[in-house]
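**Q** Please work out how this folds:
(chains A and B)
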Amino acid sequence: MRNLTSLVSGLLFGLGLIISDMVNPERVRAFLDIFGAWDPTLAFVMGGAIVVSALGWIIARRRSAALFGGAMPPAPSPEIDGELIAGSALFGIGWGMIGLCPGPVIAALAFAPWQVPVFLLAMLLGMWLNSQRQTLMIRART
Amino acid sequence: MNPDWVNATLGGLMIGASAALLLLGNGRVAGISGILGNAFKANRSPAQVERLMFLIGLLAAPLVYWPFAPLPALSMTTSIPLILVAGLLVGFGVRMGSGCTSGHGVCGSARLSRRSIVAMITFMATGIATVAAMNLL
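**A** Residues are numbered from 1 along each chain as shown, chains lettered A, B, ... in the order given. As a prediction, the model looks like this:
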């Protein structure tokens, strides 16, 4: 049941990205272009998503366990650290350069032009480089 | 054809429903950078299978959508250096910052997590600055 929930959740996420056209990189960049030809579409997507997601968290707060077993996620850490800021800043730069973030890359992969798979490979390499950095930092501390 | 903001709101509601389903059903946060970053680690734990199932669903979405309506035509840069640099930055950045538009944006900010709100403001700000800077070049 947990596997089916994950599959349906992934499918629903992807359908939402396609219907809202958030798989379209230039569309996403146009949202970030607030000093130019601003396109507010992403704000409607984010707004709709956050409202339903917040309802989910409100219901989750009253439950001690998930419907199909396992614990609910722990309370979020309040600590703001350099990694959070630096990582998010770097992500934003890459996002603004091209208009792609991890969700739309996967959702668009099956029908996207060649640029998207190339971007995915670079993105996976970036993820791997960060894991190498983390390993080095842990080693340096011990 | 619906106006864009209707489709955008509809899509947003579906994305929110996806996050709420994964949370209430499995107790998991629908953060795609985390799911993707952990999906290829060499173990066969149940959590690992669940991550792969989520990714398969996400990947299959166009195949389910396609019989009902035409898939959108995508427009984006063809500059290979730009694509490679942006891909490296996005991959490195989302893992270092523990999340992206889905994990921090859709999920974390909806539970009023301080970290997620700060992350979202940060990547929106650098994204806006990057687009503005590229327009000037």
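**Q** Just give me the residue right at the centre of chain B.
**A** Central residue of chain B (Cα atoms, centre = their mean): residue B:102, 4.5 Å from the mean position.
**Q** In terms of helix, strand or coil, where does residue B:69 fall?
**A** Using DSSP: H, G, I helix; E, B strand; the rest coil, the structure places residue B:69 in coil.
**Q** Let me see the ranges of the helices in chain B.
**A** Here chain B has its helices, by DSSP state H, at B:4-26, B:32-39, B:46-65, B:80-96, B:114-136.
**Q** Make a markdown table out of those and add distance to chain A and mean neighbour count.
**A** No exception for glycine: its C-beta is placed from N, CA and C like everyone else's. As requested, the helices of chain B are exported to a markdown table (distance: least, Cβ to the nearest Cβ, whole Å; neighbours: other Cβ atoms under 10 Å in any protein chain shown):
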| stretch | distance to chain A | mean neighbour count |
| --- | --- | --- |
| helix B:4-26 | 2 | 23 |
| helix B:32-39 | 4 | 22 |
| helix B:46-65 | 3 | 19 |
| helix B:80-96 | 2 | 23 |
| helix B:114-136 | 3 | 19 |
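**Q** For the ones you listed, give me CSV that also has mean pLDDT.
**A** Converted to CSV, those look like this (pLDDT from 0 to 100):
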stretch, mean pLDDT
helix B:4-26, 96
helix B:32-39, 92
helix B:46-65, 95
helix B:80-96, 97
helix B:114-136, 97
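**Q** To residue A:54, which of the ones you listed lies closest?
**A** Checking those against residue A:54 by Cβ to Cβ gives helix B:4-26 as the closest, at 8.0 Å.
**Q** excluding its backbone neighbours, what's nearest the residue nearest to the centre of chain B?
**A** residue B:32 (4.5 Å; Cβ to Cβ, 6 or more residues apart in numbering or on different chains).
**Q** do residue B:14 as well
**A** Counting by Cβ to Cβ, 6+ apart, residue B:14 lies nearest to residue A:16, which is 3.3 Å off, once chain neighbours are set aside.
**Q** Near the one you found, how many other residues are there?
**A** Residues lying near residue A:16 (other Cβ atoms under 10 Å in any protein chain shown) number 29.
**Q** you'd agree the residue nearest to residue B:102 is up against residue A:104?
**A** No. Counting by Cβ atoms under 8 Å, residue B:32 sits too far from residue A:104 to count as a contact (9.2 Å).
**Q** secondary structure class for the nearest residue to residue B:90 once chain neighbours are set aside?
**A** Taking Cβ to Cβ, 6+ apart, and ignoring the residues beside it in sequence, residue B:90 has residue A:94 as its nearest neighbour in space, at 3.8 Å. Here residue A:94 is recorded as helix under three-state DSSP.
**Q** do the same with residue A:79
**A** Strictly by three-state DSSP, residue A:79 counts as coil.
**Q** Quick check: closest non-adjacent residue to it.
**A** Nearest non-adjacent residue to residue A:79, counting by Cβ to Cβ, 6+ apart: residue B:115, 7.2 Å away.
**Q** for the one you found, what are its contacts?
**A** Residue B:115 is in contact with A:76, A:77, A:78, A:79, A:80, A:84, B:98, B:104, B:108, counting by Cβ atoms under 8 Å, 6 or more residues apart in numbering or on different chains.
**Q** Repeat that for residue A:43.
**A** By Cβ under 8 Å, 6+ apart, the neighbours of residue A:43 are residue A:31.
**Q** can you tell me the helix or strand for it?
**A** In the assignment (DSSP states H and E), residue A:43 maps to helix A:41-61.
**Q** For residue A:76, give me the pLDDT.
**A** At residue A:76, the pLDDT value in this model is 89.
**Q** And for residue B:137?
**A** On the pLDDT scale, residue B:137 gets 85.
**Q** Quick check: it vs chain A, distance?
**A** 11 Å (Cβ to the nearest Cβ, to the nearest Å).
**Q** What is the neighbour count of that residue?
**A** Residues contacting residue B:137 under the criterion other Cβ under 10 Å number 4.
**Q** how about residue B:80, what does it touch?
**A** The contact partners of residue B:80, taken as Cβ under 8 Å, 6+ apart, are residue A:118.
**Q** With residue B:92 instead?
**A** A:87, A:90, A:126, A:127, A:129, A:130 are the contacts of residue B:92 under Cβ under 8 Å, 6+ apart.
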